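Novice: This is a predicted model, with the sequence first.
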Amino acid sequence: MNRQPNVLFLFSDQHNAKVLGHAGHPDVRTPNLDALTADGVRFTNAVTQNPICTPSRVSFLSGQYCHNHGYYGLSGPNPGGLPSVLGHFRRAGYRTSAVGKIHCPEYWVEDDADNFHETCGGCSIVGMSKKYMEFLEARGKLQLEDHGSLTEFGKRGTQSMEGRPSPLSFEESQEGWIAAETIDFMERSRAEGKPFFAFASFPRPHQCTAPSEEFWSLYEGVDLTLPPNADYDMAAAGKAPHAIRSAAQWRKGEWALIEPKTFEAARLRKLRGYLAAISQTDHAVGKTLDYLDRAGIADDTIVIYSTDHGDYACEHGIMEKAPGICADAITRIPFIWRWNGHFKKGHRADELAESVDAANTLCDLAGLPRMETSDGGSLAALLAGGHEIVHDIAVTEFAWSKSVRKEKYRLVWYPKAMFAKEYPDGFGELYDIESDPWEMKNLWFDGAYRAVVSEMERNLTDWLVTTARPKSVWPPSYRHPSQAHERYKINVNADGKMPWKHINSIAGGNYT
């Protein structure tokens, strides 16, 4: 009997794409993600739509670009009819679950999930899951939960970069509980004979960098490798003024809470904690994958691993993710897919991919209609081992700046007003990712690259214009009724807007 595949979407927060064993990192231990990659497909040039948690997650789960869904900051009001991929699959008969750090607009994911548990306080309208709180309370550990704060340091411990082991075991940590709750949901769905869509969102390796002891101890005595761009002259390299200021502030070491409090010692503690938090997340991934094997449903389940955005991980002398638009360390993300017997095993896809592609790719794979409110393409051909171009450019957006990937280049566009004092004639960033993967030489001011800059700026302008979703156009052209409804003479989707892919007809088919 043919049945629709299950979906297990494993998600983390702030995972630098370079910090994986299979990506060549010299120190990190990620055996489960490495094995997932060996059995599946790895996208080496996957780009997030936004370097901040909420907008990135909205793009992943809706398939919309930020300039269409409108979220550029944390949390926010309900997106007013915008469908999520969980709701789309739920309406097709799937049981849906969202457990972990969800961090989306109010009552958006909550209303589309049969099973919903937010594990991080302040990241959902419903607050931290009562079930997780009761789990910790029963063990006398609720006051020790330390994802958001190193509580022993009071106010200074809030969102600390400092690294130290957590007093919680793996089973008590958010990663351990999220994995267990997700496994329980998958087991219940299987018992009911229903396909499932399970979104398991692990808070780590986002700070606080306080992994459970067993993962902290993995790096005991390890001479950790700092990235090649940890210490260099950023001003001479032409880096952005706010990045230079951020690095200088970190180097003051005022954030250090543990002796020795030097910048050099503190950043190694942060790096150790960051690597250990990735290993902890990797272990949680392994727990969920082991369940699929035990239950005999690994071949029936599409597995994805990704993250909302990256982390500097000590690159450029910066300890977290801000200013995020400046670096490939933030805008490029891990993107690993596995479906045994359907994807090309061990395939490395170097083509550009975007986080908005997840929704419609899953629709294609599951045999569901694509979401007309999604801006993303489908990666199905690449997952089968093909080499088609899905995107000519890939864009990460802030409200006032954009990062553009095209072939071997990455451009960062800023309005003149952003750095008017330092650069009255304008400022931008251009990097050759192939020859300068650690982005230590800004080519934007080099006259030899003006044509590249101009072309990519034009590409960005064209992209912003042709991918915008209007509420109406003249003459009206949207005649694709499957997911549309009429609102005062205009056919629109559930979000009250028109899909740009169908506005093509206005210009006689010249839109793409």
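Specialist: Yep, it's here.
Novice: Would you state the strands of the stretch 201-350 of the chain in chain order?
Specialist: 301-307, 332-333, 335-338, 347-354 (DSSP state E, counting those that start in this stretch).
Novice: Which pLDDT value belongs to residue 490?
Specialist: Note on residue 490: pLDDT of 78.
Novice: ok so, going back, for residue 283, which of the strands of the stretch 201-350 of the chain is the nearest?
Specialist: strand 301-307 (13.1 Å; Cβ to Cβ). Glycine gets a C-beta too; all of them are placed from N, C-alpha and C.
Novice: Which elements pack onto that closest one?
Specialist: Where contact means 3 or more Cβ pairs under 8 Å, 6 or more residues apart in numbering; DSSP states H and E, strand 301-307 is packed against strand 6-13, helix 31-39, helix 263-295, strand 335-338, helix 357-366.
Novice: which sections of the stretch 401-512 of the chain are below the confidence cut-off?
Specialist: The model of the stretch 401-512 of the chain has pLDDT under 70 over residues 476-481, 504-512.
Novice: what's around residue 425, how many residues?
Specialist: If you count neighbours by other Cβ atoms under 10 Å, residue 425 ends up with 6.
Novice: Apologies, that question was intended for residue 487.
Specialist: Residue 487 has 11 nearby residues by other Cβ under 10 Å.
Novice: Same check on the one 3 residues further on?
Specialist: The burial metric for residue 490, expressed as a neighbour count using other Cβ under 10 Å, is 17.
Novice: What is the burial count for the residue lying closest to it once chain neighbours are set aside?
Specialist: Nearest residue to residue 490, sequence neighbours excluded (Cβ to Cβ, 6 or more residues apart in numbering): residue 472, at 4.9 Å. Other residues near residue 472 come to 15 when the count uses other Cβ under 10 Å.
Novice: now residue 158
Specialist: For residue 158, using other Cβ under 10 Å, the count is 13.
Novice: Now do the helices in the stretch 401-512 of the chain.
Specialist: 450-466 (DSSP state H, counting those that start in this stretch).
Novice: quick one on the thing from earlier: my read: the residue nearest to residue 490 touches residue 491, true?
Specialist: No: Residue 472 lies out of contact with residue 491 (Cβ atoms under 8 Å); the separation is 9.7 Å.
Novice: hmm, back to that, make a markdown table out of the strands of the stretch 201-350 of the chain and add mean pLDDT and mean neighbour count.
Specialist: Converted to a markdown table, the strands of the stretch 201-350 of the chain look like this (pLDDT from 0 to 100; neighbours: other Cβ atoms under 10 Å):
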| stretch | mean pLDDT | mean neighbour count |
| --- | --- | --- |
| strand 301-307 | 98 | 24 |
| strand 332-333 | 98 | 26 |
| strand 335-338 | 98 | 25 |
| strand 347-354 | 98 | 20 |
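Novice: so which of those strands gets nearest residue 315?
Specialist: strand 332-333 (11.9 Å).
Novice: ok now that closest one, how far from the chain's centre?
Specialist: How far strand 332-333 lies from its chain's middle: 7 Å, per Cα atoms, centre = their mean, to the nearest Å.
Novice: And for it, what's in contact with it?
Specialist: Residues from elsewhere that reach strand 332-333, judged by Cβ atoms under 8 Å, 6 or more residues apart in numbering: 15, 17, 45-48, 306-310, 355, 405.
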